[in-house]
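could you work out the structure for the sequence below:
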Amino acid sequence: MSETHATIPPGTPVFPPGRYGRRRESGGRRPLLLAAVVLVVLATVLSLIAVRLYRQYGDPNYDAQVVTYTDITDTQVQIEFRLTVPTGGSAVCLLRARSRDGAEVAREQVTVTAPPGKRHVTTRHMLTTTGRPFIGEVLRCRPPA
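The predicted structure follows:
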């Protein structure tokens, strides 16, 4: 029995049987290629997010928490903070004071050293400001360079 033009969809090429080998269906590899590209892009984006978060929140060995900020005057604020460093180590901390409207009025780097055999240090530092401070903060602490 032979095929007629009525059983072949219009626009489909007709090849003699057995002459050109088995025909592949179009688009068989495209879903695999698309899935591979999506996985590579997803892995890249997640890696970039992980690097950014690590840089933002830093090394957990250098953790600082503000205990209080006191002695607020028009030109200064005293920041008391607790710092966790490797045993007997030191850290360089970036302190900042902001005014009520959120503007930065002081910024200073402070080096803090833990006593031998200790990991936790509570220290105070007086920041001299260019305007009336509202809050004192520890932005980050890192190992000394």
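
quick check: T129 vs E108, distance?
10 Å (C-beta to C-beta, to the nearest Å). Where C-beta positions appear, they are placed from N, C-alpha and C, glycine not excepted.

now do T130
Counting by C-beta to C-beta, the gap from T130 to E108 is 12 Å.

ditto for N61
22 Å.

and Q78, by the same measure?
Distance from Q78 to E108, by C-beta to C-beta: 12 Å.

which residues are in contact with each of these two?
Common neighbours of Q78 and E108, counting by C-beta atoms under 8 Å, 6 or more residues apart in numbering, are H125, L127.

P60 in helix, strand or coil?
coil (DSSP: H, G, I helix; E, B strand; the rest coil).

just the one 5 residues further on next, same as before
For Q65, the reduced secondary structure class is strand; criterion used: three-state DSSP.

count the residues that sit near it.
10 (other C-beta atoms under 10 Å).

please apply the same query to the one 5 residues further on.
A count of nearby residues for T70, using other C-beta under 10 Å, gives 12.

isn't it up against H125?
No - between T70 and H125 there is no contact under C-beta atoms under 8 Å: 11.6 Å.

common neighbours of those two, please.
The contact lists of T70 and H125 share Q78, where a contact means C-beta under 8 Å, 6+ apart.

skipping its backbone neighbours, what lies nearest R119 in space?
T87 (5.2 Å; C-beta to C-beta, 6 or more residues apart in numbering).

assumed that neighbour was part of a strand.
No - T87 is assigned coil when assessed by three-state DSSP, not a strand.

now do the contacts for it.
So T87 contacts A114, G117, K118, R119 (C-beta under 8 Å, 6+ apart).

which of the residues in stretch 80-98 are buried?
If you call a residue buried by 16 or more other C-beta atoms under 10 Å, then stretch 80-98 has these buried ones: F81, L83, T84, V85, G89, S90, A91, C93, L95, R96, A97, R98.

before we move on, what about stretch 133-145?
Neighbour count says stretch 133-145 has P133, F134, I135, G136, E137, V138, R140, C141 buried, by 16+ other C-beta under 10 Å.

quick check: mean pLDDT of stretch 98-114?
Average pLDDT, stretch 98-114: 94.

let me fix that, I meant to ask about stretch 71-84.
The model assigns stretch 71-84 a mean pLDDT of 92.
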